[in-house]
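**Student:** Fold the following for me, if possible:
(chains A, B and C, ligands or ions: 4)
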Amino acid sequence: MSHTQDKSAALRQGVLIFIYLAALTALEYFIAITFKAVSILVIVAMIKAALVMYYYMHIYKLNAESEDDEHSYEYKTGTNRLGLWLFLLSDSFVFAGLMTTRINLLGLTRPHLDQLLGLVVTAILLLSSFFMNRGETAMSHGDKKSFMNNTLVTFVLGLGFLLGVVLVEWRLAAEGGLVASFGNPAAGPMGAVFYIMTGMHAFHVLTGLIFLGVVWNNARKNLYSARQHWGVEAAAVYWHFVDLVWIFYYPALYLIGRVV
Amino acid sequence: MKKFFSTALARGLVWQLIGTLVGAGLVTGIRAMMGLSITDTFFFTEPAWVLGAFFGVLFFLAGNGSVSDWFKWSRGIDTPEHHEDHYTGWEKYLNVSLDHKVIGIQYTVTALLLISIGGLFALIFRTELAQSQLQFLTVDMKLFGQNGPQLYNTLMSLHGMIMIVSILLGIAGIINYVVPLLLGAQDMAFPRLNAFSFWIAVPAAVLLLMSLVLGGFDTGWTGYPPLSVRAPVGVQMFFLGVAAAGWSSILGALNVIATIIRMRSKGMTAMRMPIFVWAAVATSIIALTATQLIGLSFQLVMFQRLFGMGFFDPAKGGNPVLFQHLFWFYSHPAVYVFVLPGLGVISELLPVFARKPLFGYRWIAMSSMGIALVGFLVWAHHMFTSGMNEYLRVPFMYSTLLVAIPTGVKFFSWVATIWKGKLTYPTPMLFVLGAIVVFLLGGLTGPPNATVSVDLHLHDTYFIVGHFHDTIFGGFVFPFFAALYYWFPKATGRRMNETLGKIHFWLMTPSFFVLTFGMMQIGLLGMRRRIVDYDPALGFDSTHLVLTIAGYLIGLSVLIFIYNFFNSIKNGEKAEGNVWNSRSPEWQVPSPMPVHNYDQPFEVVGEPYDYGLPGSKYVEFSSPAKSKHK
Amino acid sequence: MGHFIIVGILVVVMAILTYVGLDAAGVATQMHPIEASLQSVSIDWLWNWEIMAISFLFALIVVPMAYSMIVFRRKKGDPSEGEHFEGNTTLEIVWTVIPLFAVLALAYMGSYSLGETRRVDPNAIVIKVKAQQFAWTFEYPEYGIVSNELHLPVDQQVVLKMESADVIHSFWVPEFRVKQDIVPGPLTDYRITPILVGDYKVRCAELCGASHAYMENNVIVDTKADYDAWIAEQRAIALANQTPEGQGKLLTVKNGCIGCHSVDGAKMTGPTWLGLFGSNAELADGTTVVSDEAYITESILDPKAKEVAGFSPTTMPPYTLSEVEIANIIAYLKTLK
Ligand code: HEA
Ligand code: HEA
Ligand code: CUA
Ligand SMILES: [Cu+2]
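**Tutor:** Numbering: from 1, shown residues only, chains lettered A, B, ... in the order given. Ligands and ions are numbered 1, 2, ... in the order given. Now for the predicted structure:
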């Protein structure tokens, strides 16, 4: 548990990581509009992913030895944490499979999408991750109120992302020629790949939102404490995972290759 | 009967029906609102069936109660850590239980049921194959909207998939029952998830069977597009069924890994785990990750059908070969999911019946991991003729051949294990030895398939069919039976009848050799897979007749087993002690296993297989007070 | 030591017996059916080595197993345990490394054999192959010939440029060994050098639907002289077929119609065409219609529109043919009395 760490230091760390991530995202965007080096984009995405996994998702906690006996909350949390990570590992194969599909079918081309909108939704998601981290940090220091506020912000931002993708981006893409008719992404592999990738991701965002709602509500009922808040941690890790996926999907759909 | 209808199983099925109607109704309603016809074909349209089937699964799970604890948790209501079962007798097995032993048995019995259904399908289509020309699956006959040849294809495809699902459930059954006992754990790491993994397999099986009556599908278990894009609605039920069964497998594997990492008893270091546990880890790693890809590949076809998204449609810029890559990325590693637990059972039982340590424990443990990891890199050996990039064939040939090495290590170590032992041959041992020989045959026919040029001849012939029945029988069916005969007394406190067991073995084994050897022979001579009828000029009639008879004899032996199994539960000879004189912890306590497993936790104090070393001990039971783990 | 010597001898004996037995069953030295292509030679060569290896490895495992089972079985009333040894690292390394070499050898031979089967002759004849549910069509672009029998000259490499109209099929002549899928979309190549005159069959090896089993056409390997004669004959027929009926007949071959429709009254996947034109077609709903131009046109463009009794309307794919083409087909159908 990170409550050994001083609260404000933890919060500062969150801010710092957020700044790194934002800077790297800006860098990506810059690369994409200037010299289009795919390899650099891949490397930047990997760095971002590593930052998120380490600082936001606390992957190192998997290693935490607990001396407690196996009926203790801590021991069980350790087991739960392992279970969650295994689940994420499994889930990432779905996303990897879709990525393979994208690479196979589209190669170094990409659909015609609204760049600005892409950047905006990406920023929103990133920001939501930041607030999620704040919320979780707050909870691990027993600050329920701050947790609830931050989670609410996360929720709203997440909802914004979801609506931005599904209501705005999908429609714009359709008007841009990615579908043949309503509900029929038939116009070539571009549409198919774009909708399945964003769709699968959006589905995960949706489940993440539900999860956030559940922990928010449970926090309201005072069910979490500084020592015992596995539900919060799980929701946070899951939320960051959804962000992690987007770290790869965003360049794959918006930045890499030439527009067709 | 009344009792039956109040069980979770019956409730679930009723809810599945309701869910199907709701889902279908929803789509039909929306279509009606959009002014579309609601009586196209089949009364319902394809999207209606798909949503219906999907809702059916969700309703089943919500209705039978396997997710109710999670709903409570999400509302902040705590539930007791370990439910005691309210039911006794057979009712316990038809209701939601969180006890890994009950779940293990639920899995096992479901697997047996599915093997029977899948086997029955095989016997039906084998009967048609007994002679060239069409006998009863003729063009004129009609059943479930399919004519004879179409029905053949459906039965054949379903045979493949139902059998595969039955394997997944069968290994889950054995692992569930045995692994926590071997580890000294009270249960799996996530008991509710465990129950969920089992129960989701039930609607999955229902969906698979539904595909038969909904027009069937004629794609083989591999479901390659574009054929699967053109197949009847049945193929959608097949896809959904596989997806649900896939989740069962994924979540089950997750649970197994977490259990093994977190719940070992004191002193059980990695190299002191019973060898079967290693097999379970290796299997679970594959099942956890790769399984997603079969779900995804089928999902993409499903979307291509529903929304016209042209992933695999060349006319829309798609690529049919891409499907095969996604599909085999799972389906090759899957074959190691089938066999690794079986090979683990062989390694686990051999020392007991040879009264000797397992030869080269570390090597066997590591070979399981090796097979699992190399298994991820070989998938395209199913695609040598597919028209994928030509140069890819060579690396995949090499990687495939590599699997022979860790597998060989196992074989040699087994031989060394029985060398100079004191062998006895009760039924489980017979099945273990049978498994080794059968799997050897199957394994040795693997490398020829792996060498590309030879595979250009063998691909899609009965040689391949022979190859995989050998590997599957040797790697799963035989060890599965061995495991059932072996752990049956642990679960029931009674033994299965030895005489019937031996009849089962001596009927099944020779028939099986005849079946697969005959398959391989005609395969080489030009017998293609997946054909309802063959050219009489090829002269295969007599061989096919023999194969059919052999198939029936295998079926008969399985029936004998099933009789023996259910009969022995009540009437078997009592066996409450350490029947096989094993060192394994679960045999150190009386059978049947108590509800909470070990009353006193144990500590591992020695090597698991030190048979023949006087005074050695594997586990020591301590007093409950010192129950600290790790 | 004694045990090892006996087992060693038995392994050798068993390996030889297995190999001889397999050979007798017709599956070893030369894979059957007979070798009819240059490519099959190197394939069978590799196969033979593999069978030898299999025979040996099979014996290597099964013999010591059987030996232990008999010699080391527990005698009645013997309560003792087996000998206690836990493993032997040297042995483990030996049986990891030796198979490794076997695998390397196999990999080398496999690559060599694959290379042989893919050897390219720049003078290969090009033939176009069209596969569709459930028929094969062969086109000789040089001569303007379309046929549903594949004729090949002996000792001459041909390259088949294969395309599929619908689903995946696979071109396989067992005597030629090599097989190649035909995927809708890109063309796939199939190179073969027949070396033995004879009549063979191409058998579709990839499940492609209800009549997959019957997707078989003749493949005839001719002597050079016979081949030339056949080409000349076909060209003459093609020239003579400039009439609408002739063109129609050609179209039915080219589009694979005759994979499902017979012209002699035999019942196949679809109704026979013999006497079809002008007759009364019985529909599944009990009514009858006269098979006139309109009905036949509709049957081709939209087979699902009217379902003929006893046949499944989903089996026939809809065709997009031009008016002229359909008129030609109808002209041809009229001749089938
Ligand atoms: C339980 C399942 C199982 C197992 C364990 C295996 C094991 C292997 N399989 Fe098999 N296979 C299937 C199930 C299985 N297979 C199925 C279901 C299909 C068909 C799918 C379909 O199309 O429907 C298939 C198809 C299949 C193909 C595709 C054929 C085709 O369609 O054209 C290939 C090709 O390489 C292949 C190869 C192998 C190899 C090399 C192994 C190896 O793992 C075998 C290793 C074992 C040994 C080699 C024996 C012991 C080793 C020694 C004694 C050491 C010394 C040996 C040597 C040096 C060689 N298999
Ligand atoms: C676990 C895996 C498994 C098992 C056990 C079997 C068992 C059998 N299989 Fe299997 N088979 C596959 C997996 C398996 N098969 C797969 C994956 C395919 C590929 C499918 C594809 O190409 O897509 C295949 C394909 C396949 C074919 C090729 C079909 C074709 O290409 O056209 C054949 C042909 O002979 C065949 C025959 C048999 C026979 C005779 C048995 C016998 O052993 C069966 C014995 C009978 C029983 C075990 C049933 C006994 C019980 C009863 C009779 C009681 C019934 C009672 C009730 C229902 C209550 N199988
Ligand atoms: Cu064409 Cu099978
Ligand atoms: Cu494989």
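**Student:** which residues in the stretch 101-250 of chain A form helices?
**Tutor:** A:115-140, A:144-163, A:170-173, A:188-220, A:230-250 (DSSP state H, counting those that start in this stretch).
**Student:** swap that for the stretch 201-337 of chain C, please
**Tutor:** Using DSSP H, counting those that start in this stretch, helices in the stretch 201-337 of chain C cover C:224-240, C:244-254, C:293-301, C:323-335.
**Student:** got it, and the stretch 1-150 of chain C?
**Tutor:** C:2-24, C:38-71, C:89-117.
**Student:** Kindly report the same for the stretch 1-150 of chain B.
**Tutor:** Under DSSP H, counting those that start in this stretch, the stretch 1-150 of chain B gives helices at B:2-5, B:8-33, B:46-64, B:68-74, B:90-94, B:100-129, B:148-183.
**Student:** what pLDDT, on average, does the longest one get?
**Tutor:** So the one you mean is helix B:148-183. Averaging pLDDT along helix B:148-183 gives 93.
**Student:** quick one, what contacts residue B:407?
**Tutor:** B:367, B:371, B:443 (CB atoms under 8 Å, 6 or more residues apart in numbering or on different chains). (C-beta placed from N, C-alpha, C; glycine too.)
**Student:** just the angle between whatever helix or strand it lives in and helix C:89-117, please?
**Tutor:** With secondary structure defined by DSSP states H and E, residue B:407 is part of helix B:404-418. Computed with axes from the mean of the first three to the mean of the last three CA atoms, to 10 degrees, the direction of helix B:404-418 lies at 140 degrees from that of helix C:89-117.
**Student:** Downstream of helix B:404-418, the next helix or strand is which one?
**Tutor:** Next helix or strand after helix B:404-418 toward the C-terminus (DSSP H and E): helix B:427-444.
**Student:** near ligand 1, anything from that next one?
**Tutor:** Yes - residues of helix B:427-444 are located near ligand 1 by CB under 6 Å from any ligand atom, namely B:440, B:443, B:444.
**Student:** and that helix, how far out from the chain's middle?
**Tutor:** 18 Å (CA atoms, centre = their mean, to the nearest Å).
**Student:** I'd like to check the angle between the helix holding residue B:407 and helix C:2-24, please.
**Tutor:** Using the same axes, to 10 degrees: helix B:404-418 against helix C:2-24 is 130 degrees.
**Student:** I'd like to know how far the spatially most central residue of chain B sits from residue B:110.
**Tutor:** With distances taken as CA atoms, centre = their mean, residue B:167 lies nearest the centre of chain B, 1.6 Å away. As judged by CB to CB, to the nearest Å, residue B:167 and residue B:110 stand 12 Å apart.
**Student:** Please, where are all the helices along the stretch 451-600 of chain B?
**Tutor:** Under DSSP H, counting those that start in this stretch, the stretch 451-600 of chain B gives helices at B:452-458, B:462-472, B:478-492, B:498-525, B:541-571.
**Student:** Any idea which of these gets closest to residue B:581?
**Tutor:** With CB to CB, the closest approach to residue B:581 among those belongs to helix B:478-492: 12.2 Å.
**Student:** Just the pLDDT for residue 238.
**Tutor:** As the question left the chain open, I've gone with chain A. 95.
**Student:** Please refer instead to chain B.
**Tutor:** At residue B:238, the pLDDT recorded in the model is 94.
**Student:** Good, wrapping up.
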